[in-house]
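Asker: Quick one: sequence and predicted model below, then my questions.
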Amino acid sequence: MRSASNPFSFAHNLRNLHPMPDPVVYAKGCYVGSKVKEKTIGYITTSETVFPENYTSDWHCHANPHFSHVLSGGSREIREKKTDQQIAGTGLYYYPGIIHQNVHYRPGTRIFNLEIDEAFFKTYNLAIPPESLMHESNAALNAGGLTRILKEHYYNDACSRLAIDQLCISLIDTNPTLEKHHPSWARQIPAVLNDLWNQPLSLSDFAAQVNVHPVTLSKYFSRYFSCTLGEYFRKVKIEKALGLIRSSQLSLTEIAYKCGFSDQAHFTRTFHQLTGMLPKQYRKI
């Protein structure tokens, strides 16, 4: 991705939201909640925040783009036109200047944060991920690289700085965003796979779900998603597994079968390939 218009201009980003009070603008390193662990490596800040039960935040936005991963608990997030229930295992993206509020934090809520400074995008000639990614609730952010960065934050060693820079570039540059000019069948795919994540699907079955010929689907899928259909479907399954690992008492074997893997060994290999961790390591964080 190449540099585009400057998203860090708040005159450009803050919406004309008359029913909402003036938002709190969180500068670099500032978040809702209390920080218990923070690292700044070059232009990248990673941290963990914790929240009191039933806490309600001010209406707020962030100066820099950042990603979050809900480790435990969660909250209800209110935006201009949408309300989402955020649960453990969820990966999130926040575009600069987008106003939102979080309410009814659950007991024991912990969130991992990844904040990327404007200078990072300039240094590597990258475009900030667009606002639309913030609204694509079915995006496979965790399996697309966010959990690998989370691992480096908690498994901190001498190689972490090099690893985090490279992983952030990969997270930004390899997670596709569907645009309005893309065909309607392509824009339907994340939602359909999210709905059918634990069902066996043939190519013909799936093509029928999005109303496109199987040959067209096979030919053009990688153009829009930068991977094969099978690889993307595995990412969706691992996204679901992350939530089950963090928020349920199911055994890893039960989670493997629930997510449609043939056995726990297959599940463990796929999980490690996409997240950089074993399922039991992720459960202990």
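Answerer: Perfect, thanks for sending it.

Asker: All the strands of the stretch 1-150 of the chain, in order from the start?
Answerer: 24-26, 34-41, 44-50, 60-62, 66-72, 74-78, 83-87, 91-94, 101-103, 110-116 (DSSP state E, counting those that start in this stretch).

Asker: List the strands paired with the last one, with their directions.
Answerer: For strand 110-116, the paired strands and their directions (DSSP bridges) are strand 44-50 (antiparallel), strand 66-72 (antiparallel).

Asker: and what of the second one?
Answerer: Paired neighbours of strand 34-41 in the sheet (DSSP bridges): strand 44-50 (antiparallel).

Asker: For F121, which of the strands paired with strand 110-116 is the nearest?
Answerer: If you check each of the strands paired with strand 110-116 against F121 by C-beta to C-beta, strand 44-50 wins as the nearest, at 11.3 Å. (Each C-beta comes from the backbone N, C-alpha and C, glycine too.)

Asker: now the closest one, how far from the chain's geometric center?
Answerer: Mean-position distance between strand 44-50 and its chain equals 15 Å (C-alpha atoms, centre = their mean, to the nearest Å).

Asker: again, but for stretch 270-279
Answerer: 16 Å.

Asker: buried ones in it?
Answerer: Of all the residues in stretch 270-279, those buried under the rule 16 or more other C-beta atoms under 10 Å are 270-271, 274-277, 279.

Asker: Kindly report the domain assignment for this protein.
Answerer: Per automatic domain parsing, the domain ranges recorded for the chain read 10-174, 184-284.

Asker: Out of these, which gets the lowest mean score?
Answerer: Set side by side, those differ in mean pLDDT, and domain 10-174 is lowest with a mean of 88.

Asker: gap between it and the chain center?
Answerer: 9 Å.
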